[in-house]
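# With the sequence up front, the predicted model follows.
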Amino acid sequence: MQSATLAEPSRPSVADFHRVNRGGGLFSESISQWLGAVFALVAQRLGIRPTAVSIANLMLGLATSVTVVALAGRVAAGDVPAWVVGLVALVGWQVAYALDCADGQLARVTGQGSAAGARVDVLCDVAAQIALVAALSATAVAQHPETPSWLVAIFAGTWMVNLVTSVMQSGPNAASMVTSTSLPVRLVKLIRDYGAVIFVAGLVLAFAPALVLWVIVAFTIVNGGFLLASIAFSARASLR
């Protein structure tokens, strides 16, 4: 008989999952990625695969955005309190994003990552963000029926700049226009931190839905400007 039992292999902790996060900005790293690490830990304990977490992110994100779209007109008419819809959006979008953070952490810590899984993750992100853009656009139009269609179209197009550039920066040819990690720079970058953006969007929906139109204008300018700056930065680098 053996005189000693074999020690159980150590199990990853929340800190282990958070340690392998891929950033996202000051808000995301401080809040969303930590919540994602908790979800990743729970998924690991329950034997849930990363792709299932990606699908959960998609389903929750879609359900939240569909709710906002469905109630946009009633909020504008005063039939439904704005704070109810805002709370649904604030919680739903944040939890969905935390699940998006969790799937990658889970895959990296448990060694379940794959090219197919990475594609599912990105595609789910695209679908969830299309729904979010539709929710914000529907609210803006409900609050301001005179909203020009071209503004909504440009907003929808430029919104994806953040997602596209994030994907591009994760490959072997990744590069950043602003490499500083100082606190002032990170605070400025909050305007492109997805976790911070959906937090602000939820607050506006809850307390001042009429201002969603100006949120759309602001992010159209920011993302459009970042697209032009990225083109110039990349073109300059390619000509060196």
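Received the coordinates, thanks. Numbers count the residues shown, from 1 in each chain.

# Could you count how many residues lie near Gly47?
Close neighbours of Gly47, defined as other C-beta atoms under 10 Å, add up to 8. Yep, even glycine has a C-beta here, placed from its N, CA and C like the rest.

# Okay, and the residue lying closest to Val217 once chain neighbours are set aside sits in which element?
The shortest distance from Val217 to any non-neighbouring residue, by C-beta to C-beta, 6 or more residues apart in numbering, is to Leu151 (7.2 Å). Element membership of Leu151, judged by DSSP states H and E, is helix 149-168.

# Which helix or strand contains Val42?
Per DSSP H and E: Val42 is located in helix 33-46.

# just checking, what packs against that helix?
Where contact means 3 or more C-beta pairs under 8 Å, 6 or more residues apart in numbering; DSSP states H and E, helix 33-46 is packed against helix 14-19, helix 50-77, helix 82-110.

# Could you tell me the angle between the helix or strand harbouring Ala134 and helix 149-168?
Ala134 belongs to helix 115-143 when assigned by DSSP H and E. Computed by axes from the mean of the first three to the mean of the last three C-alpha atoms, to 10 degrees, the angle separating helix 115-143 from helix 149-168 equals 160 degrees.

# pLDDT of helix 115-143, averaged?
Mean pLDDT, helix 115-143: 95.

# pLDDT-wise, which helix or strand of the protein ranks last?
Across the helices and strands of the chain, mean confidence by mean pLDDT, DSSP states H and E is lowest for helix 183-188: a mean of 53.

# can you pull the buried residues of the next helix or strand after it?
Following helix 183-188 in sequence order, the next helix or strand is helix 194-207 (DSSP H and E). For helix 194-207, burial by neighbour count (16 or more other C-beta atoms under 10 Å) applies to 194-202, 204-206.

# And for stretch 77-84?
Those would be Ala82, for stretch 77-84 by 16+ other C-beta under 10 Å.

# just to revisit the earlier point, quick one, the helix holding Ala134 and helix 50-77 angle?
Calculated by the same axes, to 10 degrees, helix 115-143 forms an angle of 0 degrees with helix 50-77.

# Could you measure from the closest residue in space to Phe27 that isn't next to it in sequence over to Leu26?
Leaving aside its sequence neighbours, Phe27 sits nearest to Ala196 (C-beta to C-beta, 6+ apart; 3.8 Å). Using C-beta to C-beta, to the nearest Å, one obtains 8 Å as the distance from Ala196 to Leu26.

# What of Ala210?
Distance, Ala210 to Leu26, using C-beta to C-beta: 28 Å.

# and those two? which has more neighbours close in?
Neighbour comparison, Ala210 and Leu26: the larger count goes to Leu26, with 19 against 14 (by other C-beta under 10 Å).

# That one and Phe226, how far apart?
As judged by C-beta to C-beta, Leu26 and Phe226 stand 17 Å apart.

# nearest to Arg236, of the helices and strands packed on helix 33-46?
helix 82-110 (31.1 Å; C-beta to C-beta).
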